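Novice: only geometry, no sequence info:
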């Protein structure tokens, strides 16, 4: 079965202002090795896929900027969102468009603005996620083994082992308070929800029709009428068959100045004093 990946690059990067801006949000910042977070995400996907199998989902404002940052990306692989409606309508529209273009396939969705310390291990885990998604009727997410009781992330409650490295997701937990986060870490069967997904296009369509039929009918012309809702709320928390692989590859969403400094980014004094 064919594989594809979609990089979600429509965010405005509001948590890192003034380092980011409306014109130059986080995914376009060159924080590591003089390459933007978007370029680094593309390079990670390119470890497993040719450029023509990689897509970028963004809004019209950033479409040209994505093309400028990704010289080997076919311009027609920039999929623009007709309006801002959060991740569920965007992911649905992308999944259906890829299925229309290349037929039944396994598609991964990756954030454009995260940092990965061990890219080789990330590629291995993503490859394993593709393998499991292709051979099963599960929606797959990649969770992160928690290194601390972080209150800024949602958590996945993990269940039984389904295959080597793959576990069932029992439930999704909202961002907890500190006491609850400490409880999750002590329990040992929780992972951070990093919002990285892999699924077969037919499995996704079937599960979305059950969980959120209004979004399953999305088209470019009806996009503006879609609810503004995340894929977690619309689908993942409602779907009966969700699996995860725990990733241990130095992940960070670099969503704050403190997080940037923890992964080695030297910030200007004007930002550090904020």
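Specialist: Nice, thanks for sending it over. For clarity, every value in this text was computed on a predicted model and none was experimentally measured.

Novice: can you pull out the strands in the stretch 1-150 of the chain?
Specialist: Taking DSSP state E, counting those that start in this stretch, the strands of the stretch 1-150 of the chain run over residues 2-8, 30-32, 35-36, 54-59, 78-81, 105-111, 115-116, 139-144.

Novice: each with direction, which strands does the third one pair with?
Specialist: Okay, so that is strand 35-36. Here strand 35-36 has these sheet partners by DSSP bridges: strand 30-32 (antiparallel).

Novice: again with the first one
Specialist: Partners of strand 2-8 in the sheet, by DSSP bridges, are strand 54-59 (parallel), strand 105-111 (parallel).

Novice: now do the fifth one
Specialist: Based on DSSP bridges, the strands next to strand 78-81 in the sheet, each with its direction, are strand 54-59 (parallel).

Novice: name the residues that touch the partner strand?
Specialist: For strand 54-59, contacts defined as CB atoms under 8 Å, 6 or more residues apart in numbering pick out 4-10, 38, 42, 45-46, 66, 70, 73, 77-81, 84, 90-91, 94, 98, 112. From N, CA and C alone the C-beta is placed, and that goes for glycine too.

Novice: now list the buried members of these.
Specialist: By neighbour count, with 16 or more other CB atoms under 10 Å, those hold 4-10, 38, 42, 45-46, 66, 70, 73, 77-81, 90-91, 94, 98, 112 as buried.

Novice: what about stretch 205-217, distance to the chain center?
Specialist: Centroid separation for stretch 205-217 versus its chain: 19 Å, with CA atoms, centre = their mean, to the nearest Å.

Novice: what's it in contact with?
Specialist: Contact partners of stretch 205-217, identified using CB under 8 Å, 6+ apart, comprise 88-89, 92, 95-96, 99, 139, 226-227, 229, 234-235, 238-239, 241.

Novice: buried subset of these, written for PyMOL?
Specialist: Listed next is the PyMOL selection for buried residues among those, using 16+ other CB under 10 Å:
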select buried, resi 88+89+92+95+96+99+139+226+229+234+235+239
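
Novice: of the contacts of stretch 205-217, which is the nearest to residue 202?
Specialist: residue 99 (7.9 Å; CB to CB).
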